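Engineer: Everything below, folded, please.
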Amino acid sequence: MAPRSVTIIRSGFTLVELMIGMAITTLTLGALAAITLAMSTSWRASSEETETAMIANITRASMDKHIRTARAVGAVETGSFDNTGPAAAMVVWVRDANEDNLIQLLELEMIAFNPTEKRVERFQPLDVRDDEDLTPEQFKDPAMIARIYGDFTMSPLLPRIDAMRFHNTGTADHAEMVEASIRVKSGRQRQAFSVVTTLRGSAKDSTP
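Structural biologist: Modelled structure (predicted):
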């Protein structure tokens, strides 16, 4: 009787094959992770850039509206882009409500930057009951800014503002042109721009 041959069928992988497979898998996953991270970073940067541009456009339009429609600009705190010193603030004579050509307390508002909350705020005399006539000197006195901070009602106006400063190129009694320089921020993206507005009225229309 002839001896029978035995055929051994090997199943599974050897240790070397497993190690090679794991190495290939690791390299593939690493490459995929790198591509995913790059795409995520690029998308986030693009999203932040778009959002920053949108915030800038809204801020530009809002600031132009609030300053352009004012009769005159009074006290101004310039502020700075490095947020050192007093924050930017601007008192405006919003309207001559009773058409008497007199600046009155209840006709004022203030636009101010809050560096802690990173926003522009609007101060209105909503809870002020007693009105009074103001001279141009009182209107432009820096003490008016402190008074409005204490007596007027604040409402948030524009969020995500990184820095702001004002520049008034008018004369002592006639604010001819006002420039608001603003920097907005979304994530790591920043955008700086200026809003230059020519006023329609003047403080010299008020009580001498």
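Engineer: isn't residue 156 right next to residue 119, touching?
Structural biologist: Yes: Residue 156 is within contact range of residue 119, at 5.4 Å (criterion: C-beta atoms under 8 Å). Heads up, the C-betas are built off the backbone N, CA and C, glycines and all.
Engineer: Those two: who's more crowded?
Structural biologist: residue 119 (16 against 11; other C-beta atoms under 10 Å).
Engineer: quick one: pLDDT of residue 153?
Structural biologist: We have a pLDDT of 97 for residue 153.
Engineer: excluding its backbone neighbours, what's nearest it?
Structural biologist: residue 126 (4.1 Å; C-beta to C-beta, 6 or more residues apart in numbering).
Engineer: does that neighbour count as helix, strand or coil?
Structural biologist: coil (DSSP: H, G, I helix; E, B strand; the rest coil).
Engineer: State the number of residues packed around it.
Structural biologist: By the measure other C-beta under 10 Å, the count of residues near residue 126 is 10.
Engineer: For residue 104, see how far away it is.
Structural biologist: 15 Å (C-beta to C-beta, to the nearest Å).
Engineer: try residue 70
Structural biologist: Residue 70 is 14 Å from residue 104, by C-beta to C-beta.
Engineer: between these two, who's got more neighbours?
Structural biologist: Shown here are residue 70 and residue 104; by other C-beta under 10 Å, residue 70 has more neighbours (24 against 19).
Engineer: Confirm for me that that one is in contact with residue 90.
Structural biologist: No: between residue 70 and residue 90 there is no contact, the gap being 9.0 Å when judged by C-beta under 8 Å.
Engineer: shared neighbours of the two, which are they?
Structural biologist: Contact criterion C-beta atoms under 8 Å, 6 or more residues apart in numbering; residues shared by residue 70 and residue 90: none found.
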